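>>> Turn this into a structure:
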Amino acid sequence: MTRYIIKRLLLVIPIVLGVTVIVFCIINAIPGNPGRRMLGPMASQAQVDLLNEQLGYTLPFFQRLWNYLVDVVTFNFGTSYQDGTLVMHKIMLNFPYTLKLAVLQTLGYSVIGIGLGVFSAVKQYSIGDNIIRVISIALAAFPGFWVYMIAMLVFSLYLGWLPPSGVDGWTSYIMPVGCAAILSASSLQRLTRTTMLEAIRQDYVRTARAKGCSNETVIWRHAFMNAMLPILNQIGINFGYLLGGTVIAESIFGMPGLGTVIINAVNAKDVPVVMACTIFLAAIFSVLVVLLDLLSALADPRVKAKLVK
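Residues are numbered from 1 along each chain as shown. Below is the predicted model:
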């Protein structure tokens, strides 16, 4: 098992380097240059050229790419073009907001999705099951930003119950967390329902019922414990997506975080910030996938046997 863990962690390195090359090519394909964006339209071309030269932007593309890869390997992510601050300092300053938002969203949609999924499986084809399935499919078709905007209009502008933007306390997280939880819960509910229906029909569930186990014990201890492996993987993967997908929530609700930092950096063509944020999130997601594999092995010996081969 230790050998497998080391092998998977080593695979993170080429994945991160590959993401680095792809994003570097994309960000450099965006029209404009950092010198003009930093100095503004009133600056002379000579001033812009001088600043671009100081930033190393006038070097050939492949030389800039090679220089950046060398810096990444040595964990030197440089300074921001916008304010001159260390890029890692900016990431560490804003990442806690993104992490808190992603964790709260994950907890919210996990409780809702698993609870409704188990209910739908236990009460299959009932009125409640049909209503939940219709709502789940409808929510899956709604654009995320549309739900965010409707929530802001209703709860902030019309009712005045919640702050429309910023981070002024725990109430500022209710709308972004609630909207994301409801949207993400629809897919988790369908997955939970499917896996639970498959588990409920297994022989060990019928055996547990025959031995006189209570319905709650049969559902949660026997059926759910054996159905939770794909559910656990889905939650983990979605958590990684939420870390990188908080851009919409942070932009609409005016919250600080990596999403806001990335958008501002792209607009300013602040290459060091965009690259460092992307590499940071890619590394976290890659490590998260390895952890999910390990959790799967711990939860199911059959998975462990396949991994250690």
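
>>> which regions of the stretch 1-150 of the chain lie under the pLDDT threshold?
1, 4 (pLDDT under 70).

>>> in it, which spans are helices?
Using DSSP state H, counting those that start in this stretch, the helices of the stretch 1-150 of the chain run over 2-29, 34-39, 45-54, 61-73, 87-122, 127-141, 144-152.

>>> Next, format those as JSON lines and append mean neighbour count and distance to residue 172.
(Glycine included, C-beta is placed from N, CA and C.) Shown next, in JSON lines, are those (neighbours: other CB atoms under 10 Å; distance: least, CB to CB, whole Å):
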{"stretch": "helix 2-29", "mean neighbour count": "13", "distance to residue 172": "30"}
{"stretch": "helix 34-39", "mean neighbour count": "18", "distance to residue 172": "31"}
{"stretch": "helix 45-54", "mean neighbour count": "14", "distance to residue 172": "38"}
{"stretch": "helix 61-73", "mean neighbour count": "13", "distance to residue 172": "34"}
{"stretch": "helix 87-122", "mean neighbour count": "20", "distance to residue 172": "10"}
{"stretch": "helix 127-141", "mean neighbour count": "13", "distance to residue 172": "23"}
{"stretch": "helix 144-152", "mean neighbour count": "16", "distance to residue 172": "12"}
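
>>> neighbours of residue 154, just the number please.
13 (other CB atoms under 10 Å).

>>> Check residue 75 too.
By other CB under 10 Å, 7 other residues sit near residue 75.

>>> Could you do the one 5 residues further on as well?
Here the neighbour count serves as a burial measure; for residue 80 (other CB under 10 Å) it reads 21.

>>> for residue 84, same thing?
So residue 84, with other CB under 10 Å, has 7 neighbours.

>>> And residue 245, what's its pLDDT?
pLDDT for residue 245: 69.

>>> do the one 5 residues further on as well
Per-residue confidence (pLDDT) for residue 250: 80.

>>> would TSV of the helices of the stretch 1-150 of the chain with distance to residue 158 be doable?
Rendered in TSV, the data for these read as follows (distance: least, CB to CB, whole Å):
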stretch	distance to residue 158
helix 2-29	40
helix 34-39	38
helix 45-54	47
helix 61-73	48
helix 87-122	23
helix 127-141	22
helix 144-152	10
